[in-house]
Each structure stands twice: as C-alpha cells, then as structure tokens.
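Novice: coords please:
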Amino acid sequence: MSTSLKHFLDIHLLPADTLRGILTSAARLKTAQAKLGSSGQPLAGKTLAMLFEKPSTRTRVSFQVGMQQLGGQVVVLSPDSMQLGRGETIADTARVLSRYVDVIMLRTSGADKLEELARHATVPVINGLTDESHPCQIMADIMTYEERKGPIKDAVVAWSGDGNNVATSWIHAAGLFGFELRLACPASLQPSSKALAWARDKGARVSVGTDPVAAARGADCIVTDTWVSMGDAAGSRHEMLAPFQVNESLMSAAKRDAIFMHCLPAHRGEEVTESVFDSPQSVVWDEAENRLHAQKGVLLWCLT
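Specialist: Next comes the predicted model:
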C-alpha cells in the first residue's frame, strides 16, 4: 500500500487533527451550499468510482451528490455489472480502476477486501462500510452532535444494542475525540475486543456492560442501530435485544436535553419506538443529511 496516498479506511488509522480538519471542511462546505447553492467546483475533472457489494441508499446518494456538487463525476458499479462479480481479483480490479478514476469508494462485507483494494490501488480508497466498521457514518454523527450540542469532547455517549460495526466506529471515535462512551450490549453481541483494546490503549473512557439504563444515565446522546444488520441471520436477536430498545423510559435516564441518534435505516417499534424516533430529541435526519457534507470533506481531503 502506498504511504503517499490518502486513504480513508478507518478513523483510528488517522490522526485526530486530520479528522478534525475534515469536519471543519465539511462544516464550511455545508455553509457554502446553504448560502450560495453551490460549494464550488474544487474536484472538477475528477472521477469517483463507487463499488457496492451491499445495498445502499444513504451511502450511494450522499457520495454521488457530494461528488457532483464538488464538480466531479461518478461511476457506480455493482457485482452484477463488473468482472469482480465474475471472478476477477480485487487486486486486478484495483489496478484497472486506478487507470481510469481518481478515487474509489467500496461498500463490502469483509474488511480484508477493503485492505486488499487499498494495497493495490494507486488512487485513494474510501471505506463506505464493512462488517467491521462504518467510519463515514461516525464522521457525520460527530458533525451532527457538535451542530446540536457543541464540542463532543468530555460528552457522554451511550450505545444501546448490538455491538456491531457502527459501535466499533464509535469506539474508535471515543479514542480520538475525547468523549466518554458507554456501551450496553447483550453478552453474546459484545463489541470488538480489538477496537476496545485500541481505544483503552489511547486512554479512552470506554465501558461495556449489559444494562442500558446504567449506560444511559446522565448521557448527552443515546445511539442505537438496527437489530439485524445486512448479512446477519435474525435468529434469536429480537429476543436478545428487546431489553435494549430505545424508548421514552430509556431516554428519561439521560439528560433532559439528550439527543437520539440512529444511522438508519430504522425499524420503528423494534430498536427504537416511534415516540422517540419522531421526537424533538431525534436528530436522525440531520445525521442523514450530514453524510453528504462529511463525505464531501473526506473526498476533498483524499484528493487535495
């Protein structure tokens, strides 16, 4: 993997000041978009290739619209429309695409595929989601938190539910942005031990338990995600995760002005009740919008 390329593979692989710079750029681009109807054309003549091995709404639309707003072009590829789905190796796909485009975004299952793509590409590679992490989502979430409540440093964020890929990226963020993270997960759906070890080595205040009320007590923000992620079997997940539902009772344990976050898509009535999801405390639509702006910040960082 070239060390001169600016890959965005996972937030814990980048310095905190780099991430902060991306967020500053994202906020500036959002303001420019609102005021002028355009954020300029800094990526004119550049092309983004988006590879999807998993379905997507927010990732696809936000990256495509973001690249176009920055003046660039987009090529979208899925397994049934490229040779990668017919046996061509990831390494060869990386080599070929690098001759055509300026940056590649991959949304896939295994993080090993993302890493192999980055090793063989000669253009920047962006993680659009893997089974292990979702860094673009967390950048949008940090941006949303700070728009609503000010600096996230020293805030308390509570996670209730499956210790999945989004939870992993929240753990990484705790180690870089200086907030306290409390995770409440079923015993059989605990978050990544590797991510926890990394965060604690950084001195992050991260705790893991099985009591969602204890995690939420006095929190500034409560976060959850769907109970059955893409590729997971439902099995007994609903029964295991029912006690971790974000409802009015759980929100009442947090601070009065606490906000609720969810990366979407949501299953109303499962991981979160309608009353919380549609409440004034819910910032889910701001999160979704900020995927556009945060990813524009990522694109600019990768290509300038």
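
Novice: which element follows whichever strand or helix holds residue 260 toward the C-terminus?
Specialist: Assignment of secondary structure by DSSP states H and E places residue 260 within strand 259-262. The helix or strand immediately downstream of strand 259-262 is helix 274-277, counting by DSSP H and E.

Novice: which residues are contacting that next one?
Specialist: 246-248, 251, 260, 262, 266, 268, 282, 284 (Cβ atoms under 8 Å, 6 or more residues apart in numbering). All C-beta spots, glycine's among them, are computed from the backbone N, C-alpha and C.

Novice: now the buried members of those residues.
Specialist: In terms of neighbour count (16 or more other Cβ atoms under 10 Å), the buried residues within the contacts of helix 274-277 are 246-247, 251, 260, 262, 266, 282, 284.

Novice: quick one: secondary structure of residue 159?
Specialist: Recorded secondary structure, residue 159: strand (DSSP: H, G, I helix; E, B strand; the rest coil).

Novice: from memory it sits against residue 167, does it?
Specialist: Yes - Residue 159 is within contact range of residue 167, at 5.5 Å (criterion: Cβ atoms under 8 Å).

Novice: list residues touching both of those two?
Specialist: 183, 185.

Novice: who's more crowded, those two?
Specialist: residue 159 (30 against 27; other Cβ atoms under 10 Å).

Novice: and the host helix or strand of residue 99, what does it pack onto?
Specialist: Under the criterion of DSSP H and E, residue 99 resides in helix 90-100. On a contact count with 3 or more Cβ pairs under 8 Å, 6 or more residues apart in numbering; DSSP states H and E, helix 90-100 meets strand 47-52, strand 103-107, helix 111-120.

Novice: and the angle for the longest one with strand 47-52?
Specialist: Between the direction of helix 111-120 and that of strand 47-52, the angle (axes from the mean of the first three to the mean of the last three Cα atoms, to 10 degrees) works out to 160 degrees.

Novice: next, the buried residues of helix 111-120.
Specialist: 111, 113-118, 120.
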